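> Got a sequence here, can you build the structure:
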Amino acid sequence: MARTVIRVHVLDSTNVMVGTPTVPKWKDQENGVRAVDFETGAPLCTLTLFVMEGERAEAIKVTVPQTGLPNGLHPGRLVRPVDLFASPWARIFNDQLQEGVAYRCSALELVDGHVQQDMAAPESAAA
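Numbering: from 1, shown residues only. Have a look, this model is predicted:
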């Protein structure tokens with residue numbers, strides 16, 4: 001079956017914040033087998049990122065090779081995902097359809113600064 005992979009473009013005005021610490025991704029946790037990047041063999045990790053644009057925010061779980069995680073990464077830190085891709089998936093388990101989107105990037109870059117806010121005045125703040 002063909003796998004669909006969609007490049008995700010993150011705008012310069014988009015804020016991306018780390019929501020959780022990284023955790024190892026497991027291929028077989030019972031036997032202690034880590035999931036690894038097919039191309040490099042680097043162990044994979046997952047974390048939650050908050051993607052904020054204007055007044056909207058989404059939490060996404062992202063897989064990143066351990067080699068793509070910078071020093072100083074912690075919850076609340078602004079980052080920029082490098083080569084972010086989305087892969088829609090679906091499966092039937094116990095006669096129930098399960099579906100979602102898996103996100104993956106090659107690295108995270110630390111971003112200096114604060115969350116950018118839309119400086120437009122709220123409509124209710126008429127002078």
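> in the chain, which residue is closest to the centre?
The residue lying closest to the centre of the chain (CA atoms, centre = their mean) is Val62, at 3.3 Å.
> now the closest residue in space to Thr40 that isn't next to it in sequence: how far from Ser106?
Computed as CB to CB, 6 or more residues apart in numbering, the closest residue to Thr40 that is not its neighbour in sequence is Pro65, at 6.4 Å. (Glycine included, C-beta is placed from N, CA and C.) Distance, Pro65 to Ser106, using CB to CB, to the nearest Å: 7 Å.
> So which of those two has more stuff around it?
The neighbour count for Pro65 versus Ser106, taken as other CB atoms under 10 Å, is higher for Pro65 (20 against 17).
> residue contacts, that one?
37, 40, 42-45, 106-107 (CB atoms under 8 Å, 6 or more residues apart in numbering).
> Closest one of these to Thr20?
Closest approach to Thr20 among the contacts of Pro65 (CB to CB): Cys45, at 10.8 Å.
> ok, back up a step: measure the residue nearest to Thr40 to Met17 for me?
20 Å.
> now Leu47
11 Å.
> just Thr4 next, same as before
27 Å.
> Ala86 contacts Ala102, correct?
Yes. Checked against CB atoms under 8 Å, the pair Ala86 and Ala102 is within contact range at 7.3 Å.
> now Asn15, nearest residue through space, not along the chain?
Met52 (4.3 Å).
> and the one you found, what does it touch?
14-17, 115.
> Any of these buried? List them.
15-17 (16 or more other CB atoms under 10 Å).
> Next, format those as TSV and append pLDDT and distance to Pro24.
Listed next are the buried ones among the contacts of Met52 as TSV, based on pLDDT from 0 to 100; distance: CB to CB, whole Å:
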residue	pLDDT	distance to Pro24
Asn15	96	27
Val16	97	22
Met17	97	22
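> Go through the residues you listed and say which is closest to Arg77.
Among the buried ones among the contacts of Met52, Met17 lies closest to Arg77 (CB to CB), at 6.9 Å.
> Shouldn't the closest one be within a strand?
Yes. Judged by DSSP: H, G, I helix; E, B strand; the rest coil, Met17 forms part of a strand.
> what sits opposite the nearest residue to it once chain neighbours are set aside in the beta ladder?
Excluding the flanking residues, the one nearest Met17 by CB to CB, 6+ apart is Phe50, at 4.6 Å. Under the criterion DSSP bridges, Phe50 forms beta bridges with Met17, Ala59.
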